[in-house]
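**Student:** Would you be able to build a 3D model of this:
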Amino acid sequence: MLSSINLKYRPGPGSRVAPNGSSPRIRTSSWPCNTVTTRGESNCGSLNRQRVPLVITSFRISEILFAPGERSGFLPTHRRWKDIERATFAYGYGLTVTPLQLASAYLTIASGGLRRQLSLVNDGAVSEVRAFEKKTADDVMRMLRRVTSKGTGSRAAMDAYTVAGKTGTVRKVGEGGYEDTRHMAFFAGITPAVNPRLVGVVMINEPKGKGYGGGAIAAPVFSKIMAGALRLLNVPPDDLDEAA
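**Tutor:** Residues are numbered from 1 along each chain as shown. Down below sits the predicted model:
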């Protein structure tokens, strides 16, 4: 059974946070379906009018998942979606999610397409509903593993453990539109990638310095936190070549 880790969010200047201090909503390029070709195909299937709503709504990003005070994400009514919207949704534009909802989406992928109930207590009673086919989840997992082995998430990699995940970097919204110098950096990931035990999301608000991207800032934090958590849970290494 997959375990969970809570990563707290500390708002910075200019952050869009609910008045009661609940979870922020973010536009995220860490969305698992984020590769689109000029023919309108993505790594989550053809972007047709019927498939896109089913795939995206299966993650329940516009619903309250967990507890009072949590914010819902935002997903436009699919009847109004334009062709360009279906394409931009695939790489995280036009919708918003909270870090918890993003983690829940990755948990569904790690569970082979089974959407599992979130809980603070590990009492063994976890309800689950199939959100999409296991083959779809396995295909996305393979893509996410390449992100950490050959892509922008290489700094999330760990000795002896495989990692699947996605980096994300977004510009913050100011009074005049998107800001050029204010960002949020993300890394959402799963480890071990073969038999997953942990899912985590790292979000860094307005990182300072030259390296402000998710791969440069958030991915190393994910690697350090998860490496320690796996040791505490006594999870055996699954990347024996790297361990050697």
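**Student:** Show me how far the biggest helix by length in the chain is from its chain's centre.
**Tutor:** If you go by DSSP state H, the chain has its longest helix at helix 214-232. Distance, stretch centre to chain centre, for helix 214-232: 14 Å (C-alpha atoms, centre = their mean, to the nearest Å).
**Student:** Use 6 as the first number for this chain going forward.
**Tutor:** Yes, from this point I'll number from 6; that puts the last item at helix 219-237.
**Student:** What's the biggest strand in the chain, counting residues?
**Tutor:** Determined from DSSP state E, the single longest strand within the chain is strand 182-196.
**Student:** Please list all residues in contact with K139.
**Tutor:** Residues near K139 by C-beta atoms under 8 Å, 6 or more residues apart in numbering: G117, G118. To be clear about C-beta, it is placed using only N, CA and C from the backbone, and glycine gets the same treatment.
**Student:** pLDDT wise, what is it at?
**Tutor:** pLDDT, K139: 93.
**Student:** T157 against I222, yeah?
**Tutor:** No: under the criterion of C-beta atoms under 8 Å, T157 makes no contact with I222, lying 11.6 Å away.
**Student:** Have a look at those two and say which one is more surrounded.
**Tutor:** I222 (23 against 19; other C-beta atoms under 10 Å).
**Student:** separation between the more buried one and A190?
**Tutor:** Distance of I222 to A190, given as C-beta to C-beta, to the nearest Å: 4 Å.
**Student:** picking that back up, note down every partner strand of the longest strand of the chain and its orientation.
**Tutor:** strand 169-179 (antiparallel), strand 203-210 (antiparallel) (DSSP bridges).
**Student:** Which one of these lies nearest to T113?
**Tutor:** strand 203-210 (9.4 Å; C-beta to C-beta).
**Student:** Kindly format the C-alpha coordinates of the closest one as CSV.
**Tutor:** Taking C-alpha atoms only, strand 203-210 is exported to CSV below (Å, rounded to 0.1, in the frame of the first residue of the first chain):
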residue,chain,number,x,y,z
LEU,A,203,5.7,7.1,-1.8
VAL,A,204,4.2,10.0,-3.8
GLY,A,205,5.3,13.6,-3.1
VAL,A,206,4.9,17.1,-4.4
VAL,A,207,7.5,19.8,-3.7
MET,A,208,6.4,23.4,-4.4
ILE,A,209,8.8,26.3,-3.9
ASN,A,210,7.3,29.8,-4.0
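**Student:** Distance from the chain centre to stretch 97-110, please.
**Tutor:** With C-alpha atoms, centre = their mean as the basis, stretch 97-110 stands 7 Å off its chain's centre.
**Student:** Apologies, that question was intended for stretch 167-182.
**Tutor:** Chain-centre distance of stretch 167-182: 11 Å, with C-alpha atoms, centre = their mean.
**Student:** do the same with stretch 108-116
**Tutor:** In terms of C-alpha atoms, centre = their mean, the gap separating the centre of stretch 108-116 from the centre of its chain is 8 Å.
**Student:** which residues touch it?
**Tutor:** So stretch 108-116 is contacted by 7, 9, 36-37, 63-66, 70, 102, 119-121, 123, 133, 136-137, 142, 145-146, 149, 169-170, 193-195, 201, 204-206 (C-beta under 8 Å, 6+ apart).
**Student:** repeat that with 7 Å
**Tutor:** 7, 37, 64, 70, 119-121, 123, 136, 142, 145-146, 193, 195, 201, 204-206 (C-beta atoms under 7 Å, 6 or more residues apart in numbering).
**Student:** Repeat that for stretch 127-134.
**Tutor:** Residues contacting stretch 127-134 (C-beta under 7 Å, 6+ apart): M6, L119, R120, R121, Q122, S124.
**Student:** Just the buried subset of those, please.
**Tutor:** Among these, those classed as buried by 16 or more other C-beta atoms under 10 Å are L119, R120, R121.
**Student:** Any chance of those residues in CSV with secondary structure as columns?
**Tutor:** Converted to CSV, those look like this (DSSP: H, G, I helix; E, B strand; the rest coil):
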residue, secondary structure
L119, strand
R120, strand
R121, strand
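**Student:** Lovely, talk soon.
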